[in-house]
Structure formats: C-alpha cells, structure tokens
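> no sequence for this one, just the structure:
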Ligand SMILES: Cc1cc2nc3c(=O)[nH]c(=O)nc-3n(C[C@H](O)[C@H](O)[C@H](O)COP(=O)(O)O)c2cc1C
C-alpha cells in the first residue's frame with residue numbers, strides 16, 4: 001500500500017475540491033509513491049486505428065491532472081495511459097466554489113468546475129519539462145475558453161500548441177459546464193469543427209505521421225443526435241482515430257440517495273456506468289472496426305472495465321472511483337480484468353473487445 005492510499009482517510013475528510021488540491025500537492029512532492037510497471041498483468045493492447053500501444057487498457061480520465069502537473073507520479077500506479085487537461089488557450093478560474101460534490105452513498109460525483117486551468121502556455125511547459133514516459137502515453141485534452149467568440153479557433157490553437165508534447169490529443173466537446181460547448185456535437189457544427197481540426201492536425205504534423213486524435217462525447221444524446229454524429233465521424237479521414245465515450249451526464253437517475261444529488265453540474269462515477277456503457281455499445285454497433293473506442297464512465301472494478309471492453313472499447317478511462325478508493329485501485333482493476341479475461345478463455349484483451357456485439361457473436 002502506498003502513502004497516497006494511507007493518506008486517503010484523511011483526504012476524504014476534506015471538501016471534495018480541497019481534497020483534490022491536497023492530493024495534487026502530495027503527488028508533486030513524490031513521497032512514498034509505488035512503482036508499478038504498467039505491463040505487470042499481460043494485458044497489453046494496441047488501438048488499431050490510432051496505432052497506439054498500451055501496456056494495459058486502464059487509463060486516467062481527463063480532469064484529474066488539468067494542468068499536466070502530476071502525470072509522472074500518476075504513471076507509477078500502473079496506468080496504461082494518462083490524459084491531462086482539459087486545457088483552454090487562456091487561463092481561466094472556472095465557476096464559483098463550491099463546485100465539486102461527493103455523492104458518497106451513490107459512489108458518484110457532481111462537478112461544475114467549468115474548465116478551471118492555467119492555460120496552454122503553462123500546460124505545454126509542464127509537458128515539455130517532463131515528457132511522457134515511453135511505457136505510459138500521455139494524452140492532451142483540449143477545450144475552449146468560456147468567453148471565446150470562436151470555440152473552434154480555441155481547438156485549433158490547442159492542437160497546434162500541445163501537438164509536439166503529447167502522445168495523443170482529445171477534442172473535448174462534451175463538458176456540460178461551458179455554456180454552448182455541447183452544441184458542437186450538432187451535425188453542422190461538428191462538420192465544421194472536424195474540417196478545421198483536420199487542417200490544424202495536418203499542419204502540426206508536417207511531413208510526419210499524424211498523432212492520434214480522439215473526440216470525447218457526452219452521454220446525453222438522443223438517437224437522432226447520435227446517428228448524426230456517427231455519420232459525420234464516418235466522413236472524417238484517417239486523421240481521426242476514434243471516440244471517447246463518455247463525459248459526465250446531466251441526468252439524475254431516480255434512485256440517487258445522496259443529499260448532493262440536487263447540485264447542478266455533470267454527474268460521474270457509479271451512477272454513470274450503465275448509461276455511458278449503453279452509448280458506447282450503440283456507437284460500437286455502428287463504428288466497431290472502423291474507429292477506436294475508449295470507454296469511460298463509472299468504472300470502479302475489473303468487471304466494469306471488462307463490460308466496456310466487451311461492449312466495444314479497446315481501452316477505458318476512470319476518474320471518480322479514485323476519489324473513493326485511491327489510486328491503489330488501478331492495480332486492483334488491472335488484476336481483476338486479467339483474471340476475468342482468463343476465466344472466459346481470452347488470451348488477450350483484443351480478443352474480448354466487442355465480444356458482446358451481435359456482429360461479433
Ligand atoms: C472533478 C471532475 C473534473 C472533470 N474534468 C474534466 C475535464 O476537464 N475534461 C474532460 O474531458 N472531462 C472531465 N471530467 C470527466 C471525466 O474525464 C470522465 O469523463 C467522467 O468523470 C466519467 O468517468 P468516471 O465516472 O470514471 O469519473 C471530469 C470529471 C470529474 C469528476
């Protein structure tokens with residue numbers, strides 16, 4: 001057990017955002033960190049379209065390390081990959097506090113942070129100073145400033161700036177806490193976004209092979225909206241590797257019991273598991289084999305990760321469960337996943353990807 005896990009009971013006594021700040025400070029000090037090799041479980045996987053090799057499929061979701069300050073210490077907990085950000089071109093404070101709430105009884109979290117971050121300049125300097133380790137790719141999740149009058153220009157600026165310092169890029173158009181941002185998931189806006197981002201990616205890549213790019217979606221999409229997204233994404237060229245499904249939800253399931261359930265913002269953690277996996281499975285039903293899918297939302301166990309893999313994800317990400325269980329959870333999830341794969345007779349992760357899809361039965 002690492003010092004971070006031992007400190008968890010103390011950190012949990014703090015309000016949610018103060019607990020997060022204390023955790024980031026502790027990680028920056030780097031005391032008592034474990035050093036778990038990400039290839040400890042024999043669960044390596046390559047995302048085929050992205051050509052991204054991961055030592056294991058368990059990643060850290062965006063939002064934990066918004067300013068790319070602790071990816072090195074976090075890589076020591078056994079993650080297969082990490083995602084920093086969301087970073088916006090200019091620094092911005094985000095919404096007034098309090099803005100992060102634990103839903104302890106439901107193992108959920110509600111946040112309305114609103115992309116609080118130090119901006120692209122700081123983010124890029126951090127990643128340049130401590131580049132991703134070769135065995136743990138680091139993605140850069142880019143977003144738009146709240147006051148921007150051209151959201152897409154912010155993504156273009158983000159891509160140009162982070163491109164040289166990251167392993168992959170995520171275009172985040174699914175935060176519910178920046179008014180108007182989710183509108184970029186609409187057909188015409190998405191087409192415009194993809195066209196302009198393609199130019200930005202190709203210009204950043206120059207003559208070299210372009211780095212992988214993912215689009216991160218919300219789970220709150222109607223069937224029509226989802227089918228428009230699928231059609232638009234299908235029209236994108238090879239530069240777009242895949243989709244991350246999903247961000248937080250604005251839904252409030254009827255069975256939530258925590259007092260904080262009435263707070264506004266995006267809900268994540270256990271109450272999001274079912275919904276985000278359903279959207280993943282629906283999209284995989286259309287795009288499996290064409291685009292790489294990364295499953296995110298509500299993962300707290302090897303069984304949860306396995307369910308997303310069977311629904312069509314080559315890799316998964318988590319954040320909220322770390323708030324309740326600490327980063328020691330990553331090794332546990334990896335070990336459980338390896339055991340589940342073995343029990344079902346799969347000799348690799350890739351054999352299990354999409355196993356629940358009718359097209360693979
Ligand atoms: C406190 C908090 C902050 C987040 N910030 C971001 C963010 O900046 N960018 C982003 O793409 N997702 C952000 N997310 C969403 C997560 O990356 C993830 O998509 C979502 O929480 C579902 O995964 P989980 O249930 O494992 O937490 C945030 C989530 C939480 C709980």
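Alright, I've got the coordinates. This one's a predicted model, so the numbers in the text were calculated from it and none came from an experiment.
> Show me the strands in the stretch 251-361 of the chain, by range?
Along the stretch 251-361 of the chain, the segments classed as strands by DSSP state E, counting those that start in this stretch run 266-269, 292-296, 315-318.
> what does the stretch 101-250 of the chain give?
According to DSSP E, counting those that start in this stretch, the stretch 101-250 of the chain carries its strands in the segments 108-111, 138-142, 168-172, 213-217, 240-245.
> Pass me the low-pLDDT residue ranges in the stretch 251-361 of the chain, would you?
Within the stretch 251-361 of the chain, the ranges that satisfy pLDDT under 70 run 361.
> how about 90 then?
For the stretch 251-361 of the chain, residues meeting the criterion pLDDT under 90 lie at 359-361.
> Mean neighbour count, the strands of the stretch 251-361 of the chain: which tops it?
Among the strands of the stretch 251-361 of the chain, the stretch with the highest mean neighbour count (mean count of other Cβ atoms under 10 Å) is strand 292-296, at a mean of 29. (Glycine included, C-beta is placed from N, CA and C.)
> just so I know, which of the strands of the stretch 251-361 of the chain lies nearest residue 325?
strand 315-318 (9.9 Å; Cβ to Cβ).
> Give me the helices and strands touching the closest one, please.
Strand 315-318 sits against strand 58-60, strand 292-296, helix 302-310, with contacts defined as 3 or more Cβ pairs under 8 Å, 6 or more residues apart in numbering; DSSP states H and E.
> Can you redo the ones you listed as a markdown table, where the extra columns are distance to residue 152?
Listed next are the helices and strands packed on strand 315-318 as a markdown table, based on distance: least, Cβ to Cβ, whole Å:
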| stretch | distance to residue 152 |
| --- | --- |
| strand 58-60 | 26 |
| strand 292-296 | 23 |
| helix 302-310 | 30 |
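> Give me every residue in the stretch 201-350 of the chain lying close to the ligand.
Within the stretch 201-350 of the chain, the positions adjacent to the ligand are 216, 247-248, 268-269, 272, 296-299, 318-321 by Cβ under 6 Å from any ligand atom.
> Would you mind putting the residues you listed into JSON lines with distance to residue 229 alongside?
Putting those into JSON lines (distance: Cβ to Cβ, whole Å) gives the following:
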{"residue": "216", "distance to residue 229": "12"}
{"residue": "247", "distance to residue 229": "13"}
{"residue": "248", "distance to residue 229": "18"}
{"residue": "268", "distance to residue 229": "21"}
{"residue": "269", "distance to residue 229": "24"}
{"residue": "272", "distance to residue 229": "19"}
{"residue": "296", "distance to residue 229": "16"}
{"residue": "297", "distance to residue 229": "17"}
{"residue": "298", "distance to residue 229": "21"}
{"residue": "299", "distance to residue 229": "23"}
{"residue": "318", "distance to residue 229": "23"}
{"residue": "319", "distance to residue 229": "23"}
{"residue": "320", "distance to residue 229": "24"}
{"residue": "321", "distance to residue 229": "27"}
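> who wins for most neighbours among these?
Neighbour counts for those, by other Cβ atoms under 10 Å, peak at residue 297, which reaches 33 neighbours.
> now that one, nearest residue through space, not along the chain?
Spatial nearest neighbour of residue 297, excluding adjacent residues (Cβ to Cβ, 6 or more residues apart in numbering): residue 276 at 2.8 Å.
> is it possible to export the strands of the stretch 251-361 of the chain to JSON lines including distance to residue 347?
Converted to JSON lines, these look like this (distance: least, Cβ to Cβ, whole Å):
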{"stretch": "strand 266-269", "distance to residue 347": "32"}
{"stretch": "strand 292-296", "distance to residue 347": "21"}
{"stretch": "strand 315-318", "distance to residue 347": "18"}
